[in-house]
Every structure is written in structure tokens, then in C-alpha cells.
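**Q** Predicted coordinates and the sequence they were generated for:
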Amino acid sequence: MEIAKRAGSVEILSGDSMQVYRYMDIGTAKATPTQRGEVPHHLVDLTDPDDDFDVTRWAAAARAALAGIEARGSTALLVGGSGLYVQALLDGLDPPGRWPDIAAELEAEPDTELLYRRLELADPLGASRMEPTNRRRIIRALEATLGSGKPFSAFGPGLAAYPPTSWYVAGIWMDRAVVAKRISQRLQSMLAEGFVDEVRYLLERPQGWSRTARQALGYRELAAHLERGVPLEEAVASAESHTRRFSVRQRSWWRRDPRVTWYETPENPLAVADALLRDWRRR
């Protein structure tokens, strides 16, 4: 928001895979109506939480939003978020289609190791690009391989390829202990704003709650509190722990990308705003 307001004629694209869902506002730290009135936001509230939204649909919506921003003579500021989603727009990735019946059959197999061995046989290269414990990616790769009749790895060079991009890519780097402290503070703030009630509303919706949306950090832990009686204190501690681990994976994801210019700050992200904006303008 600070960068957008200082730069002027900027519209924000959300690179968060969970901000696409309506009614999931507090737990995704979605921009408030006031903030959206100050700076236009896109890729927020695209669908209902009973929808299994995916990166293919997000990328199509992102390209359409980007075309509109450019047609208005404004500049896009992509903020995120979900590494796969952001990289899909940066690199023009074209993910394979979906085969729900195959995905459901694979989901029914509880043995992730068995699924990984199956992927190794069907697509050795694709299997080598993911962790044997990453169940979600393994199932997605198998779904695409079985559904399309060609290896998942055949759909592109993979996420380890970093071709030239027209985007200026900037990252904020803070000490891991500072990030952990900010995660804890933000979670407490979300709880004070009514996070538990937001999850309760989602659980009570007659339309249901999709598998994808339910997996959002914080939501799944609070759902366990409301559905299975997990003590709130334990659920919150679990949400904090999972978010910290995710932040480490997130840093590792972007640290591999040589196109990112990093801006380091001890505690306050706004301290790097001047330098970031200066470099962006030069680019």
C-alpha cells in the first residue's frame, strides 16, 4: 500500500491463492474496503469458498486484470504470496488441465509413498523435481500425467527455470526471528478481529467448504477446534507453528530465483520503501 500510494497510478494484483475466496477475509489478511478504495485491488473475492480454485484459473484472471491495468495507463504491483501463482504470471506458465475423477481416485489412496513410486515410474523427471512427502504436488503430477497421457514434466521446464522477465522482482528480507514474531502478532490480531467466528461461518455454510480453501493456514487449525474440539490454545499454537514453517519454505522458494532483488531490514519493512521505489523507477 505504501509503495502504491507513493508511486501513484498503481493498481495492486494479489498473488495470494486464498484471497481469491469470498468470506475468507480476516485469516488471509485481505485488504480492507477502505484500502481498496484508496488503491484498486485485483484477484480478490473471485469465487466462493466451496469452489476448488486453481492456478490455471488464477493465471487467466491475472492476465485479464493486467491487460485492463495497462489499458488504463496504470502500473501493476503484484504482491504475494503464493510462489506458484506469482511465478505463473511472471513466466507465463501454462499448467495442464484438470481431471477431477482421476484426482479423486488418487486422493483415496492414503499411502503417499506409494503414490510417489507410481509417479517415479510414470514420470521420473517430474518425480525428481518434488519432495517424496509433498502429497499435494505428487497427486497433481499424477493427475496430469494420467489424464493427459503425457508426463507432467512435459508441460514445461518446471519451476526451476528462471527466464528473463519484464517484471521488476523485489523481496523483503528480515531475520527469521523477526518474521516469527510478526507471524505471532498478526495471528493474535486476527483472533481479536473475529477469526474464529469467520471460520465458524464457513463451516456452517450449506454450500460446504472446498478441499483447497479448507487447507488455508489458520483456517484448517481453527476448523479442528470447532469441529473436533481441539482446545483453542492448541489450535492457535499449531497455526502459528505451521505458518512459521511455511514462511521458511516461502523464503527458500524465492531465494532460488536469481531475478529477485533483496531489500534487507532489521524490523520495519517500510524502511526499504525509498530504495525499492527508486530502483523500480529506474527499471
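**A** Cool, the structure landed.

**Q** can you map out the strands along this protein?
**A** Counting by DSSP state E, the chain has strands at residues 10-14, 41-42, 75-79, 169-173, 260-264.

**Q** what does the fourth one contact?
**A** With contact meaning C-beta atoms under 8 Å, 6 or more residues apart in numbering, strand 169-173 is reached by 90, 254, 257, 259-265, 269, 272, 276, 279-280. Yep, even glycine has a C-beta here, placed from its N, CA and C like the rest.

**Q** Distance to residue 30 for the strands of the chain - can I get that in CSV?
**A** As requested, the strands of the chain are exported to CSV (distance: least, C-beta to C-beta, whole Å):
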stretch, distance to residue 30
strand 10-14, 8
strand 41-42, 9
strand 75-79, 12
strand 169-173, 19
strand 260-264, 24
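
**Q** Make CSV from these and add mean pLDDT and mean neighbour count to it.
**A** Formatted as CSV, the strands of the chain follow (pLDDT from 0 to 100; neighbours: other C-beta atoms under 10 Å):
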stretch, mean pLDDT, mean neighbour count
strand 10-14, 98, 22
strand 41-42, 98, 21
strand 75-79, 97, 18
strand 169-173, 96, 17
strand 260-264, 97, 14
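
**Q** Out of those strands, flag the one nearest residue 208.
**A** Judged by C-beta to C-beta, the one of the strands of the chain that comes nearest to residue 208 is strand 10-14, at 23.9 Å.

**Q** That closest one pairs with which strands, parallel or anti?
**A** Sheet pairing here is set by DSSP bridges, and for strand 10-14 it gives strand 41-42 (parallel), strand 75-79 (parallel).

**Q** Pull the distance from the shortest one to the chain's centre.
**A** Relative to the mean C-alpha coordinate of its chain, strand 41-42 is positioned 15 Å out (C-alpha atoms, centre = their mean, to the nearest Å).

**Q** Residues contacting that strand, please?
**A** Taking C-beta under 8 Å, 6+ apart as the rule, strand 41-42 contacts 11-14, 31, 35, 62, 65, 68-69.

**Q** returning to that earlier point: just send the strands paired with strand 10-14 back as CSV, with distance to residue 121 too.
**A** Shown next, in CSV, are those (distance: least, C-beta to C-beta, whole Å):
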stretch, distance to residue 121
strand 41-42, 42
strand 75-79, 38
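
**Q** Looking at those, which is nearest to residue 18?
**A** strand 75-79 (13.6 Å).

**Q** re the thing from before, out of the strands paired with strand 10-14, nearest to residue 193?
**A** Here strand 41-42 is closest among these (C-beta to C-beta), at 18.7 Å.

**Q** residue ranges with poor pLDDT in this structure?
**A** Counting by pLDDT under 70, the chain contains low-confidence residues at 156-160.

**Q** Give the buried residues for the longest helix seen in it.
**A** Longest helix of the chain, by residue count under DSSP state H: helix 232-255. In terms of neighbour count (16 or more other C-beta atoms under 10 Å), helix 232-255 has its buried residues at 235-236, 238-240, 243, 247, 250, 254.

**Q** Let me have these in JSON lines, adding distance to residue 108 as columns.
**A** Output for these, formatted as JSON lines (distance: C-beta to C-beta, whole Å):
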{"residue": "235", "distance to residue 108": "27"}
{"residue": "236", "distance to residue 108": "32"}
{"residue": "238", "distance to residue 108": "26"}
{"residue": "239", "distance to residue 108": "27"}
{"residue": "240", "distance to residue 108": "32"}
{"residue": "243", "distance to residue 108": "29"}
{"residue": "247", "distance to residue 108": "32"}
{"residue": "250", "distance to residue 108": "30"}
{"residue": "254", "distance to residue 108": "34"}
